[in-house]
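> 3D, please:
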Amino acid sequence: MRTTKRQPAASLLRGVAAAVVVIAAGLMGNAFGTYVFGGPQVGGIIAFEPSAEVDPGPGIRIAVDRGDGSGCTLDLNAIRRSGGSMVVESELAGHAGMFRVHWAGQRTSGDGADCGREADLSVKRKNLDLLASYAGGYGAGPDRAPLLATARLQ
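Numbering: from 1, shown residues only. Sure thing, here's the model as predicted:
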């Protein structure tokens, strides 16, 4: 039986397609692993360095709960202006994606919704990722771990 020119080309095309699928699966697995293991860890810190270079207009505001159940607001512009830090203390049992963090800093908001100079807060993981992205990543100083650019408030 004679081989036609189409058979080697079809075999090559199948091989290339299989390689593309394997590479895509590897990239997706790597991105997923970075998101899962690059997020908040118990004992992790989000450090905000004070900066005068903050947009004076209204910014992103995140509603959170204090340890006593009352609410307060994290205003990213106010936090970036005055500085402060959050330490991840624990993942809340029975509340998937919720973390207990300890805030310490000047203020979290410029109005009556301020959480105060120190507070234990309950914060969703996606909001912690957003806070960390504004701070430059999880950690402090040169040891910060950058986040994926896809972390967004929903």
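> how many residues are close by the residue nearest to L128 when sequence neighbours are not counted?
With C-beta to C-beta, 6 or more residues apart in numbering as the criterion, L128 has its nearest non-adjacent residue at 4.8 Å, and that residue is P40. The way it works is simple: take the backbone N, C-alpha and C, and place the C-beta from them, glycine included. For P40, the neighbour count with other C-beta atoms under 10 Å is 21.
> pLDDT at P40, what is it?
For P40, the pLDDT comes out at 74.
> so it touches M86, yeah?
No: if you go by C-beta atoms under 8 Å, P40 and M86 don't touch, sitting 9.3 Å apart.
> which neighbours do these two share?
Common contacts of P40 and M86 (C-beta atoms under 8 Å, 6 or more residues apart in numbering): L128.
> re earlier: so where does the residue nearest to L128 fall, helix or strand?
Secondary structure assignment for P40, by DSSP states H and E: no helix or strand.
> which residues does it contact?
Residues in contact with P40 (C-beta under 8 Å, 6+ apart) are V88, F99, R125, L128, D129, A132, Y138.
> try 10 Å
46, 86, 88, 91, 97, 99, 101, 123, 125, 128-129, 131-132, 138 (C-beta atoms under 10 Å, 6 or more residues apart in numbering).
> format those as JSON lines; extra columns: secondary structure.
Below are these laid out as JSON lines (DSSP: H, G, I helix; E, B strand; the rest coil):
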{"residue": "I46", "secondary structure": "strand"}
{"residue": "M86", "secondary structure": "strand"}
{"residue": "V88", "secondary structure": "strand"}
{"residue": "E91", "secondary structure": "strand"}
{"residue": "G97", "secondary structure": "coil"}
{"residue": "F99", "secondary structure": "strand"}
{"residue": "V101", "secondary structure": "strand"}
{"residue": "V123", "secondary structure": "strand"}
{"residue": "R125", "secondary structure": "helix"}
{"residue": "L128", "secondary structure": "helix"}
{"residue": "D129", "secondary structure": "helix"}
{"residue": "L131", "secondary structure": "helix"}
{"residue": "A132", "secondary structure": "helix"}
{"residue": "Y138", "secondary structure": "strand"}
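> turn those into CSV, including distance to D68.
Below are those laid out as CSV (distance: C-beta to C-beta, whole Å):
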residue, distance to D68
I46, 22
M86, 18
V88, 19
E91, 20
G97, 22
F99, 17
V101, 15
V123, 15
R125, 22
L128, 20
D129, 25
L131, 21
A132, 25
Y138, 27
